[in-house]
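Trainee: below is the sequence, then the predicted model.
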Amino acid sequence: QVQLVESGGGLVQAGGSLRLSCAASGRTFGTKGWFRQAPGKEREFVAAINWNGGTIDYAESVKGRFTISRDNAKNTVYLQMNSLKLEDTAVYYCAHGGTMAISRSKHLYDSWGQGTQVTVSS
């Protein structure tokens with residue numbers, strides 16, 4: 001069992017930056033993903049990283065603006081978000097995928113954090 005706690009969300013102006021953190025405890029090793037969910041919309045894939053950071057994937061909508069990384073010594077995964085847009089407003093969730101390869105499918109992740117709100121204003 002893995003417990004995940006996200007932090008770092010908040011209110012930021014368009015064009016600004018935020019860094020989200022996901023602290024893991026329990027069986028922490030393995031693929032991690034970031035997803036987001038805006039009001040009235042499905043939860044969507046943002047980024048994923050494999051156990052050693054050697055394989056990374058991004059949604060097209062965030063490619064070039066967001067960077068996912070991890071520090072296994074700290075059991076923490078990060079999402080650096082730059083050049084934020086109004087449409088990035090959502091609750092951001094960290095997810096644990098265990099030993100699987102990175103995936104864009106939320107159904108393949110077996111543990112989720114409680115989420116952190118990111119609000120981008122004009």
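Mentor: Okay, I see it.
Trainee: for residue 26, name its beta-bridge partners.
Mentor: Counting by DSSP bridges, residue 26 is bridged to residue 2.
Trainee: now it: how far from residue 74?
Mentor: Distance, residue 26 to residue 74, by Cβ to Cβ, to the nearest Å: 15 Å. (C-beta placed from N, C-alpha, C; glycine too.)
Trainee: what does stretch 39-47 contact?
Mentor: Contacting residues not belonging to stretch 39-47 are listed as 33-37, 56-59, 62, 66, 68, 79, 90, 92-93, 104-106 [Cβ atoms under 8 Å, 6 or more residues apart in numbering].
Trainee: I meant to write stretch 16-23 there.
Mentor: With Cβ under 8 Å, 6+ apart as the criterion, stretch 16-23 contacts 4-10, 12, 32, 34, 74-84, 92, 94, 113, 116, 118, 120.
Trainee: with only the CA atoms kept, save it in PDB.
Mentor: What follows is stretch 16-23, C-alpha atoms only, in PDB (Å, rounded to 0.1, in the frame of the first residue of the first chain):
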ATOM      1  CA  GLY A  16       3.400  32.200 -13.700                       C
ATOM      2  CA  SER A  17       4.900  29.100 -12.200                       C
ATOM      3  CA  LEU A  18       4.100  26.600  -9.500                       C
ATOM      4  CA  ARG A  19       5.900  23.400  -8.300                       C
ATOM      5  CA  LEU A  20       3.800  20.600  -7.000                       C
ATOM      6  CA  SER A  21       5.200  17.900  -4.700                       C
ATOM      7  CA  CYS A  22       4.000  14.400  -4.100                       C
ATOM      8  CA  ALA A  23       5.400  12.700  -1.000                       C
END
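Trainee: just the buried residues of it, please?
Mentor: For stretch 16-23, burial by neighbour count (16 or more other Cβ atoms under 10 Å) applies to 18, 20-23.
Trainee: farthest pair within those?
Mentor: 18 and 23 (16.3 Å; Cβ to Cβ).
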